[in-house]
Every structure is written in C-alpha cells, then in structure tokens.
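S.K.: here's a sequence, model it:
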Amino acid sequence: MKREKYFLYIGRLSDEKGIEILIEAFRLTNYDLHIAGDGPLMKDVIKATEDNSNINFLGSLNKTEVEKHLQECTALVFPSVWFEGMPMILLEAFAVGTPVIASNLGAMISIVTDGY
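M.R.: Numbering: from 1, shown residues only. The predicted structure follows:
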C-alpha cells in the first residue's frame with residue numbers, strides 16, 4: 001500500500017492522551033492530520049476540523065479501518081502526556097512498519113527508538 005501525506009492519531013480523545021497539544025501543534029502547520037477515536041474531547045476535535053482545513057476527524061474506526069490507515073499514513077503521532085504502559089496502537093503501527101512520533105515520556109522512551 002502506498003503511503004499518503006498525512007499524520008495519524010488513533011486513540012481516546014481526552015486530556016491525558018495529549019489531543020489538545022496535538023491539535024494546537026497542527027493548527028500551526030500545513031501538514032494534514034487525521035484523528036480517529038472517541039472520548040470527552042470529541043466536540044473539541046470536531047470544532048478543530050471546522051476551523052482548520054488540514055485537520056480531519058475520522059470518528060471511531062474498526063480493526064480493519066485502523067490497519068488500513070496505519071498502512072497509509074506518513075506516521076502515527078502519539079502525544080500522550082500520561083505515563084503509558086505498552087499502548088496497543090504502537091504495537092499495531094510497528095506491525096505494519098509505520099513510523100511513530102511519540103512523547104518523550106515514561107515507557108515511550110524505551111519503546112520508540114529515534115531513527116529506527
């Protein structure tokens with residue numbers, strides 16, 4: 001599958017997952033961001049898509065759709081501000097060879113290797 005020119009976030013739409021930081025960062029760029037998931041900040045995500053043409057909300061995805069988007073995207077963005085254990089979405093990204101851009105926090109330091 002050919003890689004498309006967009007970054008991808010898949011996960012819970014909540015404060016601890018860093019979704020607000022992610023949206024703010026992409027508001028300042030021309031890079032495309034696709035966001036998938038559900039959670040208490042869904043209204044904020046939808047508002048961000050209305051205000052920023054480079055941000056797209058995909059809603060909740062099933063397993064097949066997750067794999068398709070992981071295979072298509074430029075990279076998965078994992079902006080969590082919470083100390084995560086072993087997030088399944090990172091394993092799914094690694095399984096299909098998708099690069100991951102992750103917070104330099106907790107276990108992410110040892111799970112995601114720069115340049116590899």
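S.K.: name the element Leu89 belongs to?
M.R.: Check again: residue 89 is Ile, not Leu. Per DSSP states H and E, Ile89 falls inside helix 88-95.
S.K.: distance between the helix or strand that comes right after that helix and the chain's centre?
M.R.: Next along the chain after helix 88-95, taking DSSP H and E as the criterion, comes strand 100-102. How far strand 100-102 lies from its chain's middle: 8 Å, per C-alpha atoms, centre = their mean, to the nearest Å.
S.K.: what lines up beside strand 100-102 in the sheet?
M.R.: Strand 100-102 has the following strand partners under DSSP bridges: strand 75-78 (parallel).
S.K.: contacts for the strand it pairs with?
M.R.: For strand 75-78, the surrounding residues in contact (C-beta atoms under 8 Å, 6 or more residues apart in numbering) are 7-11, 22, 33, 70, 87, 89-90, 93, 98-103, 108, 112. Bear in mind the C-beta positions are built from the backbone N, C-alpha and C, glycine included.
S.K.: out of the residues you listed, which end up buried?
M.R.: 7-11, 22, 33, 70, 87, 89-90, 93, 98-100, 102-103, 108, 112 (16 or more other C-beta atoms under 10 Å).
S.K.: which residues touch the residue nearest to Gly85 when sequence neighbours are not counted?
M.R.: Nearest residue to Gly85 in three dimensions, chain neighbours excluded: Ala107, at 6.3 Å (C-beta to C-beta, 6 or more residues apart in numbering). Counting by C-beta under 8 Å, 6+ apart, Ala107 touches 83-86.
S.K.: for the helix holding Ile89, list the C-alpha coordinates in CSV.
M.R.: Provided in CSV are the C-alpha atoms of helix 88-95 (Å, rounded to 0.1, in the frame of the first residue of the first chain):
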residue,chain,number,x,y,z
MET,A,88,-1.7,-1.4,21.7
ILE,A,89,-1.7,1.2,18.9
LEU,A,90,2.1,1.4,19.0
LEU,A,91,2.3,-2.4,18.5
GLU,A,92,-0.2,-2.2,15.7
ALA,A,93,1.8,0.6,14.0
PHE,A,94,5.1,-1.3,14.4
ALA,A,95,3.4,-4.5,13.0
